[in-house]
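A.B. asks: here is a sequence with its predicted model. Questions after.
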Amino acid sequence: MSDKKMISTFRAGDLTLRYVQDDHSGRVGLEMFPTALADRLVPRRADLGGQPEIDAIPDSEPPIAQNIDSLFHLKIVGDPYPGAFAQGRTMRNAASIDTLRFERQDVQGTTVVTHFSSPAGYRLEHRLSWHLTESAVEITTFFFNDSSRPVTLEMLSSFSLGNITPFDVADAPNRLRVHRFRSVWSAEARLTTQTIEQLHLERSWSGSGIFSERFGQIGSMPVRGWFPFVAVEDTQATVVWGAQLAWAGSWQMEIFRQDDAVCISGGLADREFGHWTVTLAPGQSLTTPPATLAAVHGDLDDLCAVLTNVQHRAADQQPQIEHDLPIIFNEWCTTWGDPSHEKILKIARRLQGSHVKYLVIDAGWYKSSQGSWDNSHGDWIPSKSLFPDGLAATAAAIKSHGLIPGLWFEMETCGEASAAFSLVDHLLQRDGLPITVRSRRFWNLNDPFVVDYLTERVIGLLELCGFGYLKVDYNETIGIGCDGAESLGHGLVRQVEGIYRFFDQIRRRLPQLVIESCSSGGHRLEPSMIGRTAMSSFSDAHELKEIPIIAANLHQLMLPRQSQIWAVLHRADDDHRLVYSLAATFLGRMCLSGEIDGLTDQQWNLVTAAQNLYRIAWPIIKHGKSRRYGTIGPSWRHPSGWQSVVRVGQDANSVLVVAHAFAGLPAEFQTPLPQGKPWRLAEQFGAGGMSVDVQDQSLIHRLTQPFIACIALLSR
């Protein structure tokens, strides 16, 4: 290994952080590991001497086995690109890194700022911070142009973490694997686990080749293809390192290998991957999206629990009414884009006296007689035929039934049947032409006219009519980017920043407004959008059998308290189907929809029983810790096997178990419970198709048919 010196060491909860510097190159790297395993760290080999293929090379020194990975990666236009066959695969390790030399490190409480400067007049700050009650860190990189000339960047990372794994003396064969989450519409968060060898990322035999798995997404739907998440697990040391990026535009992650150690990095999608460059004039700076990192002694569930725990801070800033996770009713799967005053009031009468708190009017309230819900949005003029007395009258009527009224907007786009569609000077353009996708165009959120227009039509309407809940939908992606900056990619960056500002403006103007983020379901399930809203739509899988699978997946990426899960109810549903749907909502926020007014008294009693139990279980949903068990087949559309999610309460003396059975069942299955004092069954919810019994430290589920579910609440 290259000679290194220790710059500093810090403790962040259960995590140890080390800043190290290469004596020869001067590069500074960041390493992290669980503090409890400090005595298991091993000295790394210094070089590749002793390998026959290396020793056979005449008159040469054996290559260094591991170089320190820079804690930032940067590429400035005009500087040499990285070699070793890297172009098109990665922009990491460009020569630009070495133009910035380590200067000093400032420590203020739980914030560490590492400073770098260049003779050319550039500066870079790597800022790492943590909270005393957490074992994760947040990292952001800042680049400053203090020179007298413009400088153009084509790559700048938010974070980079090296020395994976410090628990092996060499290149750790057959022990490292990578975890990622794929995502497509209505099928979010499929875990993909591959070994380093399967990814073809074994080290270069001599260090002369650079290997990278660069992945991400391009456009304004940040969870489309992949979630902005990566984790690397050392299966022998039982340690997992991971990172989650907070950004609503194009992003990338990389798993990088050239020598003994694996490195991970991520940030804005670079020039090669995301069509991105930015030119900074003298005095200008650039701030990267923040990333949250952690390393745990345990498994992927343990890592994800640490990373998602950070999201509580933003969730706790939401309106006070969100404290006990109120139940939502959304009429989308009731009227299917054709709401009216009478239809909404019929629903409100049915919900009066129930535990439902929010009644949300979904898309279509603005449509004209010539347009449909999905192509006439953008003008935001309530339909006089659907709401003859105006939306304020409907909102007041909803309130009179003890409910908080909500309203749907897709405020960032406009449909072809709207007058707004023709305001091309105020819409995003590419190549000088408005970006048109199907029947949609996109407002330019950096245009003052647009901000004023949306302030009046969206915020003003919500305020005037007295709505307490806003559902923000977003049903297309901008793609590679837009005009208005030096690159299409940075045009998209500026648009995302405008989106953030408008969400923040809504919060300032209406601080008690509850905001739901929906992007065709789950396309915005990343920390920056999750943190700006009270909750997010988990998916558009409104009535599908795979709902509990998707809902359980998301426990590893976001807090259940912010994951809105739908149960669409029909008169034709038998009791088993109703329970199957309702039980899934206990994996997050309960949202009801469907033929609510047509249910029989027996069916409504079942819905009421689910609501009653939810009002008991909400503290566990809000502050628990999840672990998933089961054997699910490869198909989600045709699920087989079973799934059981065990969520342990904050006090460890209560447990919520949400169990679903799919096709191809065993006669029974067993869910492990946390060890310790015996458990007793306190409450349960089901329809007779699945019975449960506590035996020792397990819950035994006995089954009579496929596609059934059961909720069990246990206490010590």
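C.D. replies: Yes, it's here. Numbers count the residues shown, from 1 in each chain.

A.B. asks: which residue is nearest the middle of this structure?
C.D. replies: Geometric centre of the chain, nearest residue: E526, 2.6 Å, by CA atoms, centre = their mean.

A.B. asks: would you agree that residue is in contact with F227?
C.D. replies: Yes - in this structure, E526 is within contact of F227 by CB atoms under 8 Å, at 7.1 Å. Every residue, glycine included, has its C-beta placed from N, CA and C.

A.B. asks: related to what we said a few turns ago, got the contact list for the residue lying closest to the residue nearest to the centre of the chain once chain neighbours are set aside?
C.D. replies: Leaving out its chain neighbours, the residue that sits closest to E526 by CB to CB, 6 or more residues apart in numbering is P222, at 4.7 Å. By CB atoms under 8 Å, 6 or more residues apart in numbering, the contact set of P222 is P228, W247, A248, G249, W251, H523, R524, E526, M529.

A.B. asks: and the fifth one, what's its pLDDT?
C.D. replies: It stands for W251. As predicted, W251 sits at a pLDDT of 98.

A.B. asks: any idea how far the residue nearest to E526 lies from H312?
C.D. replies: Computed with CB to CB, to the nearest Å, the distance linking P222 and H312 is 21 Å.

A.B. asks: the stretch 201-350 of the chain: strands as residue ranges?
C.D. replies: Ranges of strands in the stretch 201-350 of the chain, per DSSP state E, counting those that start in this stretch, are 211-217, 225-226, 229-234, 239-245, 251-257, 262-268, 278-280, 285-287, 291-297, 327-330.

A.B. asks: per-residue confidence averaged over the first one?
C.D. replies: In other words, strand 211-217. 97.

A.B. asks: which secondary structure elements does it contact?
C.D. replies: Counting contacts by 3 or more CB pairs under 8 Å, 6 or more residues apart in numbering; DSSP states H and E, strand 211-217 is packed against strand 225-226, strand 251-257, helix 271-274.

A.B. asks: looking at those, which is buried most?
C.D. replies: Mean neighbours per residue, mean count of other CB atoms under 10 Å, is largest over these for strand 251-257, with a mean of 25.

A.B. asks: got a list of contacts for that one?
C.D. replies: 69, 90, 92, 178, 196, 199, 201-204, 210-217, 222, 226, 228-230, 232, 243, 245, 262-270, 273-274, 289.

A.B. asks: and the helices and strands packed on strand 211-217 as TSV, adding distance to N174?
C.D. replies: Shown next, in TSV, are the helices and strands packed on strand 211-217 (distance: least, CB to CB, whole Å):
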stretch	distance to N174
strand 225-226	26
strand 251-257	15
helix 271-274	30
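
A.B. asks: mind checking which of those is nearest G630?
C.D. replies: With CB to CB as the measure, strand 225-226 is the member of the helices and strands packed on strand 211-217 nearest G630 (23.8 Å).

A.B. asks: neighbouring contacts of that closest one?
C.D. replies: R180, F181, R182, S183, V184, F215, G216, Q217, M253.

A.B. asks: partners of it in the sheet?
C.D. replies: Take DSSP bridges as the rule and strand 225-226 pairs in its sheet with strand 176-184 (antiparallel).

A.B. asks: list the buried ones in the strand it pairs with?
C.D. replies: L176, R177, V178, H179, R180, F181, S183 (16 or more other CB atoms under 10 Å).
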